[in-house]
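Novice: Got a predicted model here, sequence first, then my questions.
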Amino acid sequence: MATDWNAVTDEDFRQAFAGLVEDCCPADLRFMRKQRPTFDEVAVFYHGLAERGWLAPTWPVEHGGMGLSPAKHMIYVEEWGRLGCPRIPDHGIGLVGPLLIEHGTQAQKAHFLPRILSGEHVWCQGYSEPNAGSDLASLCTAAVRDGDTFVVNGQKIWTTLAHCANWIFMLVRTSRDEAVRQKGITVLLVDMTTPGVGVRPIANLRGETDFCEVFFDDVRVPVDNVVGAIDQGWTVAKSVLGHERIFLGAPTRPEIAFERLEKLARARGAFDDPAFLSRHARLRLDLYDLGSAFERYARIVREGGELGADVSMLKIFTTELYQRITEETLALAGEDARLFDDIAIGNDHVDAMNLFLDARAPAIFGGSNEIQRNILAKAVLRLPG
Amino acid sequence: MATDWNAVTDEDFRQAFAGLVEDCCPADLRFMRKQRPTFDEVAVFYHGLAERGWLAPTWPVEHGGMGLSPAKHMIYVEEWGRLGCPRIPDHGIGLVGPLLIEHGTQAQKAHFLPRILSGEHVWCQGYSEPNAGSDLASLCTAAVRDGDTFVVNGQKIWTTLAHCANWIFMLVRTSRDEAVRQKGITVLLVDMTTPGVGVRPIANLRGETDFCEVFFDDVRVPVDNVVGAIDQGWTVAKSVLGHERIFLGAPTRPEIAFERLEKLARARGAFDDPAFLSRHARLRLDLYDLGSAFERYARIVREGGELGADVSMLKIFTTELYQRITEETLALAGEDARLFDDIAIGNDHVDAMNLFLDARAPAIFGGSNEIQRNILAKAVLRLPG
Amino acid sequence: MPELRFDDPDGTLAMLRDSVAALAGRHPGAASLRARRGEARDTDRALWTAMAEAGWTGLLLPETIGGSGLGVREQAILSEALGRALLCEPVAGSAVFLSCVLAGAPAGDERDRLAAGFVDGSRIIAPAWRGGKVTARETADGFLLSGAHGHVDQAASATDFAVLADTGNGPAMFSVPADSDGVTVDLQRSVDGAMIGTVRLDNCAVAASGMIVTPDGCEAVLDRAIAATRLALAAELAGIASQAVQDTIDYTKTRIQFGKPIASFQAIQHRLVDMWSDAEFAVAAVSNAVEEAEAGEGRRTALAVLAAKARAGDAAVSICRRAVHLHGAMGFTDECDIGLYLKRAISLNAMLGQPEELRLAFVKLERAA
Amino acid sequence: MPELRFDDPDGTLAMLRDSVAALAGRHPGAASLRARRGEARDTDRALWTAMAEAGWTGLLLPETIGGSGLGVREQAILSEALGRALLCEPVAGSAVFLSCVLAGAPAGDERDRLAAGFVDGSRIIAPAWRGGKVTARETADGFLLSGAHGHVDQAASATDFAVLADTGNGPAMFSVPADSDGVTVDLQRSVDGAMIGTVRLDNCAVAASGMIVTPDGCEAVLDRAIAATRLALAAELAGIASQAVQDTIDYTKTRIQFGKPIASFQAIQHRLVDMWSDAEFAVAAVSNAVEEAEAGEGRRTALAVLAAKARAGDAAVSICRRAVHLHGAMGFTDECDIGLYLKRAISLNAMLGQPEELRLAFVKLERAA
């Protein structure tokens, strides 16, 4: 009989998590520089979590998950970050699983869910296209019905870790007839070993290859691999955006950056400079107040409420604060701001440039901050056309 | 025989100006707190300038002006500000005169120009309307032809010093037939003592009444008072926007505000605080660099060139810098920032709130900074619709 | 729109909000401000009395000495609502401060006399305790006070002053009737329309019983009073911030230029979103400080209060600045209320520490640990 | 687009711009940067030689010692064009600095030997003079140098170093062949793709003739070299800023979302206008510094150079940051040149004083008067 983790006290739950990390997350995987390690790099931790039943915190127990309440899930995510666990390729756990659990057939669930837990299937997400980024509804990768299969042609881009995934869940256009562009989109699960699938990694500003282009050239996919109804993919895909949206607004990255800023400031004696103290205080208070604002939304999640569109304000604030902190760190670095390599401080070092460059990304991905502001203007402030 | 001021050296010209100010601008009119004194308050200076032939710097000599080149005119404006001369009601000199000289009939010139110089006619400008501000072309104050007169009905607003003017030059709608809204607008000169003209002063944030609403209720105006062609008023009014546009971008107001900031900073010992020094240095450099940018455009004017739309960047920068300096001054004032009255410093004082509130205006008037950015986007960066 | 949200099991908070709205209906804040300003008065006596009668001035005062005995949560809700309604009497700066002083004062006839008059509105007791220096010299039958304090609200209308003075053995608070010999008041115009005073004392005799808070414990009382005042100011500023956002949304939705409401232009929309977000952050900071304060005094609460006042002050002033700008020429007129919100925000933001000072205090306190 | 404008009666400036464009056509900056980075090299030798042959490295060097003998105006035009074209060899940090050092050095064989090799590109002479400390101890037949300097461009490829060392009687510059005993070089990756070095000297023997600038006058030579280098860096940064604006306009005009180019959205348009304006201000500041420098040395010029480097550095970095953002996900890729502009801007902005430091120096100098 599995433990009912929701019945455990928060403190005990935290301790259990810490013990688990101690057991199955090797030291060299903790506090990794790399934002998006590949599956192989973190496989030992992935399998360790799976073996202990901790891999899928929000999945129902019947499917091999922990069935955590949102409140416990928030602690799970918090401890994950606090203990410096590496990001694992989590599209299977975080997106495909919930998608199938809500919309999948019995056969789909029985086939795919265990293979996610075992690590046999490593998933990536094919949403964006070269001409469908902010305007996702304009996607045009086509899936044309041919008997029991769809024939897929087109291209996806910004597909995180596609080069180490073997399955992709994607949005494809199955109809062009509808007036509303969101109609006519379908969610499709595609085996990336199918002939006609090509992957090209794209290097980012940090010199890493987190994301890829994925090409589809007459790729034949069984119609059984559709999730939910054909042409209803927009609704299906949106339905799994639950309380997890709050994590886009978590203060984690600015906190990491702030720790680095303080480390460099101590090394450079900047705390003796009132001008630096003044700028430092502003950033510190921004971080503190972000915590207060995050807590207001976290409480809604913990109490089982629904998040509104207004939660986007956290995403804007945290991503822009992350940028500002890393900019201040470069300013503090003096001529060492020229270094791509980490800045040495005695035997330690500060990855000032690494974080500065990384901070360019979150303001763009997951819906650019301009799109977030557009949404807030419409959905929250109810501004006209 | 009048002096040819353009032939005089810059230095001599400056000295002549200084002597003139010494002669005819009483000390209590210098460095006035009030931004827009009324005609009566500064009449002695107005008449003094007129008597000495210095009232209309850019008018041709034949019309009683000084016929200054743009280069000399820039010095004139510079010295005016440097010596703390008060703003005089200058719509007659600055706008009506050039308008008539370029587009007026001989009769109009003969009638109106001397009366501007004598101060008999004090002019105000009727462009904006309650629903035509940024979108000036939507103005709807109507002038309907009735034989040799126009019958004017409607309302103007933000009419500076209308309550101490006796003539208004205004844009009226004379036709609604045209597809392009700018067509069908006419420039009309209206005697404000005509029956049906009403004026209501509007207090501003500083508690002063610089501007007014002006109401027109069946006001009968001779057709002879049209300037230029009927329905061509948009073109006529625009044509007199010459090199004077550069003055919207002059660093004058931020310079005044910066002087006040430094005065308060000295009194409060803020120059001993490196955090203040850092913020002060940023503002100082903004002011210095505004000077460099202004100089690039001033050179174009001095060399007789035409200003492009790009000069608007100066207006945006100087008005926003003016705001930032006054905000820093309030921050420095501590709890004295509560005072509407000036802040006492020994026997002296700093009008921190006065300038802070005044700084709200220039970012709005003369084309809001949003409109300026729209214009730059279109006319300079050639961005698409 | 941004608004404090707390559990409200018995409906006290909703009732407080409703009663502020009702008073504002009878006694609109902007009209009161303009009238007071036009007549160069330091208070709207009718409004102040109504507030006292509603129990708002003594909200934090213990019931044992006649107050409402409510807590920081209720005070925050009240102050937020006052900010929104632009009801500008000095509830935070005077009533909250004084309530804390009286609550912290040892039992005594003078304390009870002041509390009674304060609670029923029959006395106006103006705290005079900063922006200057007053010394108290002990005499045979009391004290002689000399010196001055500035930033005194209701200074001309006050029946009594609560004066902080240095006794030589530390600071103490004294009750000084306004008509005492040696008391003079100088007035200046404040930006939010009330006259504010500097109170000067020239060998002003105070009976021994007039020392309502003795040096023993005075600093602790002051600390608590300052924190409570700052929190109330923060809540009022958050209310101002939220209302200014709301007013600006309303205005820009109805202001038509180029054939459509200016609120439909993307540059304006994004500005409004940022203003709204700033107001939400202000409310969140106040909310956090209220919760910390309810959990007890101490360092965490001190930090949270500093953060809340800094955040709400910055938010209110910068939102109102942008709000005035988005009201266009109309925003630059005195007729439009948005300018009054800006002025009120500046005034409250300037009280008891501007944001920069509070942020530095926060970091210093945090790093001292 | 923003661009330096000066009188150009004989067409020298136009010719300079054209020749940079021509070289960039044959030898594109971004490709050179990527290749250099991929192979962990510290310079693109072919590019550097081409620059030397075009007379750009010795542009400011007097004709008497083989240079082009041109002035700050020509250097600014060249550096601006190099910035625009992303031609990243260290013209400002090495060539301009060294030209000033050689121009200020007393006549001598060693000076002439260095100048000749420098001008024809046969020698790479890397200034090593900051970010560390080197001392020179006098011996019977010369000096022994010990210590280290950082931030050395072309450190691995250098044939010679121009080393600043403290002699005990003040600083002096020494010519140190790179293959001298006791010289070692550590390399790190710089953000703009070249390796940069720390040069360590361990009792490195230098002949007496190797002291190319003596303590008498060394500080004046350094001051001039630093000012000229800062001005060239400012011009290059202004060029980067302008090109980043141009690239972003071009990209946003062709990037279609929601059925229209994103450059047609008002929020994007206003952002682009602000970026353009920032670039114009950077150009104006550089222009002002060039004119002050042409009018003579002294305090006015010193101020103008500090302002120009601060303004252009801030503008370039912040414009490129916004430019990367406006390129969306594409901007976060290494394939898109805009990220290289950002990295180059960061690198040049960090050299010889970040903006805050320069602003403080400006105000200090101005207030000292």
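Specialist: Alright, I've got the coordinates. Because the structure is predicted, anything quoted here is derived from the model rather than measured.

Novice: Enumerate the residues of the stretch 101-250 of chain C near chain B.
Specialist: C:130-131, C:150-151, C:188-192, C:196 (Cβ under 8 Å from any Cβ of the partner chain). Placement of C-beta: from N, CA and C, glycine included.

Novice: mind running it again at 6 Å?
Specialist: Contacts of the stretch 101-250 of chain C with chain B, taken as Cβ under 6 Å from any Cβ of the partner chain, map to C:151, C:188-191.

Novice: Just send the residues you listed back as CSV, with distance to chain D, secondary structure and pLDDT too.
Specialist: CSV is the format used below for these (distance: Cβ to the nearest Cβ, whole Å; DSSP: H, G, I helix; E, B strand; the rest coil; pLDDT from 0 to 100):
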residue, distance to chain D, secondary structure, pLDDT
C:151, 32, strand, 97
C:188, 32, strand, 97
C:189, 34, strand, 97
C:190, 33, strand, 97
C:191, 30, coil, 97
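
Novice: want to try JSON lines for those residues, with neighbour count and distance to chain A as columns?
Specialist: Compiled in JSON lines, those are given as follows (neighbours: other Cβ atoms under 10 Å in any protein chain shown; distance: Cβ to the nearest Cβ, whole Å):
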{"residue": "C:151", "neighbour count": "26", "distance to chain A": "24"}
{"residue": "C:188", "neighbour count": "19", "distance to chain A": "30"}
{"residue": "C:189", "neighbour count": "17", "distance to chain A": "31"}
{"residue": "C:190", "neighbour count": "26", "distance to chain A": "27"}
{"residue": "C:191", "neighbour count": "26", "distance to chain A": "25"}
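
Novice: Looking at those, spot the one nearest residue B:134.
Specialist: Comparing these against residue B:134 with Cβ to Cβ places residue C:191 closest, at 28.3 Å.

Novice: so that closest one makes contact with residue C:348?
Specialist: No. Here residue C:191 lies out of contact with residue C:348, judged by Cβ atoms under 6 Å, at a distance of 10.4 Å.

Novice: Find the residue at the geometric middle of chain C.
Specialist: Nearest to the geometric centre of chain C sits residue C:92, at 2.4 Å (Cα atoms, centre = their mean).

Novice: Can you name the residues that contact the closest residue to chain B within the stretch 1-150 of chain A?
Specialist: Residue nearest to chain B within the stretch 1-150 of chain A: residue A:135 (16.3 Å; Cβ to the nearest Cβ). Applying Cβ atoms under 6 Å, 6 or more residues apart in numbering or on different chains to residue A:135 gives the contacts D:257-258.

Novice: Per-residue pLDDT of it, please?
Specialist: Among the per-residue scores, residue A:135 holds a pLDDT of 90.

Novice: How about the residues of the stretch 201-350 of chain A by chain D?
Specialist: A:202-205, A:331, A:335, A:337-341.

Novice: If you rank those residues by neighbours, which is first?
Specialist: Highest neighbour count within those, by other Cβ atoms under 10 Å in any protein chain shown: residue A:338, with 26 neighbours.

Novice: wait, that residue sits on residue D:189?
Specialist: No. Residue A:338 is beyond contact range of residue D:189, at 9.7 Å (criterion: Cβ under 6 Å).

Novice: Could you pull out the strands in chain C for me?
Specialist: For chain C, the strands defined by DSSP state E occupy C:125-128, C:130-139, C:142-153, C:160-166, C:171-177, C:183-189, C:195-207, C:211-213, C:256-257, C:260-261.

Novice: Can you say which of these is packed in most?
Specialist: strand C:125-128 (a mean of 28; mean count of other Cβ atoms under 10 Å in any protein chain shown).

Novice: So what touches that strand?
Specialist: When contacts are defined by Cβ under 6 Å, 6+ apart, strand C:125-128 is touched by residues C:94, C:97-98, C:114, C:118, C:149, C:152, C:154-155, C:158, C:160-163, C:199.

Novice: Can you give the strand pairings for it, parallel or anti for each?
Specialist: Using DSSP bridges, the strands paired with strand C:125-128 are strand C:160-166 (parallel).

Novice: roughly how far is the strand it pairs with from the heart of the chain?
Specialist: Distance, stretch centre to chain centre, for strand C:160-166: 18 Å (Cα atoms, centre = their mean, to the nearest Å).

Novice: looking at the strands of chain C, which is closest to residue C:303?
Specialist: Ranking the strands of chain C by proximity to residue C:303 (Cβ to Cβ) places strand C:130-139 first, at 21.9 Å.

Novice: just checking, what packs against the closest one?
Specialist: Counting contacts by 3 or more Cβ pairs under 6 Å, 6 or more residues apart in numbering or on different chains; DSSP states H and E, strand C:130-139 packs against strand C:142-153, strand C:160-166.
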